[in-house]
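> Attaching a predicted model along with its sequence, questions to come.
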Amino acid sequence: MRRKHDLVIKRTPIGLGLFTRDPIRKGAFVIEYTGVRVPNSDESRLKGRYLFEVNSRWTIDGSGRENLSRYINHSCRPNCEAIISRGKILIYARRAIPAGEELAYDYGKAYFDEFIKPKGCGCAHCREQAASASSAGQHRE
């Protein structure tokens, strides 16, 4: 499947992210997560952060730079979701997404626990929560 939206990679507080230049309606197909299909038995050898398990036998290694969807970051309050269909990973909008907004989906518990939790979540929602907690603490006497 080809993407239907004008997407651009931009710098974010946590690295690079994928943003939409045009509005995306709720439920719309956004982009396919692409890459090389590898057997799950090779997954531990690859040790990459762009590995996306399709089923009990196959994983997509999305580390290639041509895979724009690899720039979609994790969020605890995502605007997208990944749907696995016929061996493909398709990204859809969970809600209406305005032009200029960063795309994000929930990477799942296993990825979160291994890569994100040890450093602390840096998604927009968690950054806002941390900032509001910090400013509330600064105003107390």
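That came through fine.
> average model confidence for stretch 79-93?
The pLDDT scores in stretch 79-93 average 96.
> for it, how far is the first residue from the last?
6 Å (Cα to Cα, to the nearest Å).
> Could you list the buried residues of it?
Neighbour-count burial for stretch 79-93 flags 79-80, 82, 89-93 (criterion: 16 or more other Cβ atoms under 10 Å). (Each C-beta comes from the backbone N, C-alpha and C, glycine too.)
> Show the pLDDT at residue 29.
Turning to residue 29, the model gives it a pLDDT of 96.
> Also residue 101?
So residue 101 comes in at 97 (pLDDT).
> so residue 134, which of the three states?
With DSSP: H, G, I helix; E, B strand; the rest coil as the basis, residue 134 sits in helix.
> where does this structure dip in pLDDT?
1-3, 135-141 (pLDDT under 70).
> now with 50?
140-141 (pLDDT under 50).
> Quick one: the helices in it, in order.
Assigned by DSSP state H, the helices in the chain fall at 40-46, 109-111, 124-138.
> For residue 5, which of the ones you listed is the nearest?
For the helices of the chain, the distance to residue 5 is smallest for helix 124-138, at 19.4 Å, taking Cβ to Cβ.
> and of the buried residues of stretch 79-93, the nearest to residue 37?
For these, the nearest to residue 37 is residue 89 (10.8 Å; Cβ to Cβ).
> What are the neighbouring residues in contact with the closest one?
Listed by Cβ atoms under 8 Å, 6 or more residues apart in numbering, the contact set of residue 89 reads 32-33, 52, 54, 60, 69, 82-83.
> Quick check: the gap between it and residue 82.
5 Å (Cβ to Cβ, to the nearest Å).
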